[in-house]
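Novice: pasting the structure only:
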């Protein structure tokens with residue numbers, strides 16, 4: 001290869017890198033990607049995984065956390081829910097994951113535009129998750145399948161907070177006490 005050929009051989013890769021950088025900046029309006037920083041409320045997930053919650057509520061869990069509830073159990077629960085989602089014949093509509101030192105914060109974020117865009121849509125998903133929880137062996141075993149909610153299941157597992165968001169402008173936060 002001639003010197004001129006060698007000089008231009010890397011040009012396609014350089015062009016690809018430049019285009020990638022331009023595309024990244026264009027998708028974020030030229031701003032750097034958000035960083036996980038602590039907000040005035042002490043929540044370093046806010047602004048990273050979801051916007052500031054526009055509404056909050058407190059839910060009194062109807063049972064104490066299980067003695068064996070711990071980080072490993074909460075992560076296992078979230079992993080099982082995620083596995084169920086990806087085994088379906090269609091793409092998941094939301095991501096569900098646990099955060100915090102003890103995985104005590106459950107976060108649900110829409111993966112689709114205009115899904116979970118309102119408090120009513122969020123409550124609809126939470127009601128659907130309640131139906132799934134009521135069919136669980138745990139609820140069947142302790143005989144609370146027609147009384148407990150998804151919030152109660154989360155509380156039994158030791159979750160302290162659930163945040164649900166459209167991943168854009170809407171977020172709602174539930175403190176489990």
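Specialist: Arrived safely, thanks for sending. Predicted model only: the values in this text are computed from it and were never measured. Residues are numbered from 1 along each chain as shown.
Novice: what about the chain, any weak spots by pLDDT?
Specialist: 1-42 (pLDDT under 70).
Novice: For it, which segments count as strands?
Specialist: Secondary structure of the chain by DSSP state E: the strands cover 55-59, 94-99, 105-110, 161-165, 171-176.
Novice: and the last one, which strands flank it?
Specialist: According to DSSP bridges, strand 171-176 forms sheet pairs with strand 55-59 (parallel), strand 161-165 (antiparallel).
Novice: just the third one next, same as before
Specialist: For strand 105-110, sheet partners with direction are given as strand 94-99 (antiparallel), strand 161-165 (parallel), following DSSP bridges.
Novice: can you put these in CSV and add mean neighbour count and distance to residue 88?
Specialist: Where you see a C-beta, it was placed from the backbone N, CA and C, and this is true even at glycine. Output for these, formatted as CSV (neighbours: other Cβ atoms under 10 Å; distance: least, Cβ to Cβ, whole Å):
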stretch, mean neighbour count, distance to residue 88
strand 94-99, 18, 12
strand 161-165, 23, 20
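Novice: Among those strands, which comes closest to residue 122?
Specialist: strand 161-165 (4.6 Å; Cβ to Cβ).
Novice: Run the chain-centre distance for the closest one.
Specialist: 8 Å (Cα atoms, centre = their mean, to the nearest Å).
Novice: again with stretch 79-92
Specialist: 14 Å.
Novice: Just the buried residues of that stretch, please?
Specialist: Of the residues in stretch 79-92, 81, 85 count as buried by neighbour count, 16 or more other Cβ atoms under 10 Å.
Novice: repeat for stretch 120-131
Specialist: 121, 122, 125, 126, 129, 130.
Novice: what's in contact with it?
Specialist: By Cβ atoms under 8 Å, 6 or more residues apart in numbering, the list of residues contacting stretch 120-131 from outside reads 94, 108, 115, 116, 149, 150, 151, 164, 166, 170, 172.
Novice: ok, so of those, who is nearest residue 80?
Specialist: After measuring the contacts of stretch 120-131 against residue 80 - Cβ to Cβ - the closest member comes out as residue 150, at 14.1 Å.
Novice: tell me the contacts of the closest one?
Specialist: Contacts of residue 150 (Cβ under 8 Å, 6+ apart): 126, 129, 130, 132, 133.
Novice: quick one: the closest residue to residue 50 other than its chain neighbours and residue 100, what's the gap?
Specialist: In space, and not counting its chain neighbours, residue 50 is closest to residue 165: 3.6 Å by Cβ to Cβ, 6 or more residues apart in numbering. Counting by Cβ to Cβ, to the nearest Å, the gap from residue 165 to residue 100 is 16 Å.
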